[in-house]
Each structure stands twice: as structure tokens, then as C-alpha cells.
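**Student:** make a model of this:
(one chain, ligands or ions: 1)
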Amino acid sequence: MPDKHAVLSASSSHRWLECPPSALLCSKAGDTASEFAMQGTDAHSLCEHKLKTALGQKSKDPTENLQYFDEEMADCSDMYAQYVMEQLAAAKEKCKDPIVLIEQHLDFSKWVPEGFGTGDCVIVSDETLTVIDFKYGVGILVEAEKNPQMMCYALGALQLFDGIYDIDSVTMTIFQPRRDSVSTYTISKEELLKWADEVLSPTAQLAAKGEGEYKAGDHCQFCKVKATCRKRAEYNLELARYDFEMPSTLDDDEIEAILSKVDALVSWAGDIKEYALQQAVSGKEWKDWKIVEGRSNRKYVNETAVADTVKEAGYDPYEHKVLGVTAMTKLLGKTRFEELLSGFIEKPQGKPTLVPMSDKRPAMNTAANDFKEDK
Ligand code: SF4
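**Tutor:** Got it, this is the predicted structure:
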């Protein structure tokens, strides 16, 4: 769950560990709850309910109050509860009295000023402490490996139980059903505490005071001052200052140098445009820029009246189309979708996409490569 009011929240720790002064800047910028965040909150309430029910605990079904409830959400929360129950069963094989904590307040203020968060699920047993985080998002795949949010939660959980249980290592899992992803990472207790003392704590002290070095990078996409940040602008404009050498066409190294910066550049440029537009819409007058009406298409003022009129005239006003895969999954839920339709689904080869070598996907075998091998 998002940790709403903490300046140095676990959920934003990836950003402030990279760029410590961003924490205070963001805390002053105010909050706007996105639709995705509200959807996530609904999904978390349902997960909590399903898990408590699976554990035989009393829980009130929140479904009727969930604005974004649909079959997909019902399915994802079922899968989550089932996954946690499996982990609990595995823990019981090693330890006779493991405990499960749901929506647990986790305090890691020993390392991060006022640092706390809410862990979706913590399983405490001898040897291993397990921290499970449910992510309902679909846009960005979140990995557990060295994930500072999870490591902060793990520290909070250690604070509660180290000493009571005999814990050697911590397993962190991000359960992201809409990406079919269960990402797990295990770290020894010593290594986690070493990171907390040597990296987390000193950086958090700087961040709390608004000190430290500004550093731009991928993490800027989650920063509230990303459009107006000078460091990010400098970082991106470096490309424009790239010292191209003669001759008049770029060589391979130069193309690769540009490729490595171009996504960040496009995303930064988009943020600047969006910021300037929003300012203008709210009344700011830019010296050399104004707002005009964009292109618009004709539309019906009353769809029912249009359908009735066309029917009366003897025509069929409707287009009959099978729902797309995403809409059908929403309608049926993931399990029912699989049951009914798995035999009718194919996954065509994706469009070639150029990514850095560090990307985990295997390289695609292109037609040109096949041709080379055939020769
Ligand atoms: S935009 Fe990037 S560089 Fe600027 S404050 Fe935010 S995280 Fe730091």
C-alpha cells in the first residue's frame, strides 16, 4: 500500500536514495490521487479481506464499496490469497508456529527519520522472514531484487521480530498478477542490516535535510518536480551538446550514444510540454506561447436518440464486435477466461523493439539473422 504522508516513504525510497534532495521538494509539491492509485487501494482492500477469510479471521466483505471492482480484481485477489496460503504452508514445514501479519504497520525509523510503511503481508517464522507486497499496477513491472521499498519493509519487520524468532534471512516477494509476475529476492539478515547502516541511513539523513547531490535518471519519472527540475534539464540537454565529430554522417558509436539517452530525452520533453500546457490552462501567460483549440471530431449529442432514429429508418445502428482480450478478461475474470478461451488464444510475434543489452528479454531472431544462418 502507498505510505501516504511520510516524507521519506518506503514507496519513494528508490527515488530519494538516488537523488536525496528530491524528498523535501516532493513533499512540498502536494498530492494528487491518480485513478490508478485509487484502483490499487480498492484491490488491496479486497486482498486483505480474501486473505483474512482464507486464514479463518473475521472480515467484512468490502466489495460493495469498491468503485473499481470487477472480475479481474476478484480473480487477482483470489490468486494473492492463494499464494500467501502456499507460502504459509511452506513456512509451517520448517517452523511449527509461524505467524501472518496483514496490513502491518512497519517502522524503520531507526534508519530513516519518521520512516514507516504498511506491509501487505509478513510471514514470520524461524530462519526466514517473508515480506509479500501486492502490486495491482500493469504499466511497470516491479522486480523484488534489491528493491529498496521491500528492504525498508523488511527492516521494519525485523525490528518487530528479530530476537523473538531466530531469523537468518529475509525473502521479499512482489506479487503482480496483472503482469503474471511473482518476483522474489532473498537476502541474509547481515547483508540487509549492512545496507541499512551503510547506505540507507546516511542517505536518509541527507534527504531529510534536503541535502545531498541531485542526480537525474530513470527515477525522475516518479518525481513531482520532474518538469521544472534544473538538474534533469541539464542531464537531458547534455545530448544537445554532444560533441559530434566529422564526417557528416554519424558513425555507429555516435548512434549508440544517442540511443542511450533518447528515451529519457523524449520523456523529459513530454513532461515540459505537459507542464507548460497545464500552467497555461490554469491562467499563466507565457511570453511567446498561447493556447488554441485543437482538432476535434463531430459526435452525437444523444446516442439513444440516434439509435432509435436509425432503427426507425430501417437500418441497424449497432456494430457487433467480439470484445478484445483485455475487455473479455475483465468481463469473465482471468480463471474463467482461461477455462473457456485458452484454446482460442495465440500470441503473435511482437514488433521488433530496440532495447539496451541489459534488458532481460532474450534477443529476437530476425529474418536477417535467419538468412545469415542459412547461408
Ligand atoms: S527530477 Fe530527478 S534530478 Fe530532479 S529532483 Fe526529481 S529525482 Fe532529482
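**Student:** contact partners for the closest residue to the ligand within the stretch 51-200 of the chain?
**Tutor:** Per CB to the nearest ligand atom, P148 is where the stretch 51-200 of the chain lies closest to the ligand, at 14.1 Å. Quick note: C-beta positions are derived from backbone N, CA and C, even for glycine. Going by CB atoms under 8 Å, 6 or more residues apart in numbering, P148 touches 10, 13-14, 17, 200.
**Student:** where does the stretch 201-350 of the chain have low pLDDT?
**Tutor:** Within the stretch 201-350 of the chain, the ranges that satisfy pLDDT under 70 run 239-247.
**Student:** what does it have sitting close to the ligand?
**Tutor:** When proximity is defined by CB under 6 Å from any ligand atom, the stretch 201-350 of the chain lies next to the ligand at 214-216, 219-220, 223, 225-226, 229, 231-232.
**Student:** out of the residues you listed, list just those in helices.
**Tutor:** 231-232 (DSSP state H).
**Student:** centroid residue for this protein?
**Tutor:** Most central in the chain under CA atoms, centre = their mean is I140, positioned 4.6 Å from the mean C-alpha point.
**Student:** secondary structure element for that residue?
**Tutor:** In the assignment (DSSP states H and E), I140 maps to no helix and no strand.
**Student:** from here on, count from 875
**Tutor:** Yes, from this point I'll number from 875; that puts the last item at I1014.
**Student:** what helices or strands is whichever helix in the chain runs longest leaning on?
**Tutor:** When the chain is scanned for its longest helix (criterion: DSSP H), the result is helix 1126-1155. The contact analysis (3 or more CB pairs under 8 Å, 6 or more residues apart in numbering; DSSP states H and E) places helix 1126-1155 against helix 1104-1111.
**Student:** what residues of the helix it packs on count as buried?
**Tutor:** In terms of neighbour count (16 or more other CB atoms under 10 Å), helix 1104-1111 has its buried residues at 1105-1106, 1109-1110.
**Student:** what does it contact?
**Tutor:** Outside of helix 1104-1111, the residues within contact range by CB under 8 Å, 6+ apart are 893, 1088-1091, 1094, 1097, 1100, 1135, 1138-1139, 1142-1143.
**Student:** can you do 7 Å?
**Tutor:** Applying CB atoms under 7 Å, 6 or more residues apart in numbering, the contact partners of helix 1104-1111 are 1088, 1090, 1094, 1100, 1138-1139, 1142.
**Student:** hmm, back to that, and the next helix or strand past the longest helix of the chain?
**Tutor:** Next along from helix 1126-1155, by DSSP H and E: helix 1177-1186.
**Student:** just the CA coordinates for that following helix, please, in CSV.
**Tutor:** Provided in CSV are the C-alpha atoms of helix 1177-1186 (Å, rounded to 0.1, in the frame of the first residue of the first chain):
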residue,chain,number,x,y,z
GLU,A,1177,-26.7,8.2,-28.5
THR,A,1178,-30.1,6.6,-27.6
ALA,A,1179,-32.0,9.1,-29.9
VAL,A,1180,-29.5,8.4,-32.7
ALA,A,1181,-30.0,4.6,-32.4
ASP,A,1182,-33.8,5.0,-32.3
THR,A,1183,-33.9,7.3,-35.3
VAL,A,1184,-31.7,5.0,-37.4
LYS,A,1185,-33.8,1.9,-36.4
GLU,A,1186,-37.0,3.7,-37.3
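**Student:** so K966 sits in a helix?
**Tutor:** Yes: counting by DSSP: H, G, I helix; E, B strand; the rest coil, K966 is found in a helix.
**Student:** so what's it scoring on pLDDT?
**Tutor:** K966 carries a pLDDT value of 89.
**Student:** tally of neighbours for it?
**Tutor:** By other CB atoms under 10 Å, the residues close to K966 number 13.
**Student:** check what pLDDT the nearest residue to it once chain neighbours are set aside gets.
**Tutor:** Leaving aside its sequence neighbours, K966 sits nearest to P972 (CB to CB, 6 or more residues apart in numbering; 6.0 Å). pLDDT for P972: 89.
**Student:** now do D905
**Tutor:** 68.
**Student:** distance check, the residue nearest to S983 when sequence neighbours are not counted against K1208.
**Tutor:** Nearest non-adjacent residue to S983, counting by CB to CB, 6+ apart: G989, 4.9 Å away. With distances defined as CB to CB, to the nearest Å, the gap from G989 to K1208 amounts to 35 Å.
**Student:** who has more neighbours out of the two?
**Tutor:** The neighbour comparison of G989 against K1208 (other CB under 10 Å) goes to G989, with 25 against 19.
**Student:** these two touch, right, the more buried one and Q1023?
**Tutor:** No: counting by CB atoms under 7 Å, G989 does not reach Q1023; the two are 11.2 Å apart.
**Student:** what's the overlap in contacts for those two?
**Tutor:** Contact criterion CB under 7 Å, 6+ apart; no residue bridges G989 and Q1023 by contacting each.
**Student:** quick one, phi psi at N1021?
**Tutor:** Dihedral pair for N1021: phi -80, psi 110, per degrees, to the nearest 10.
**Student:** now do L1003
**Tutor:** phi -100, psi 130.
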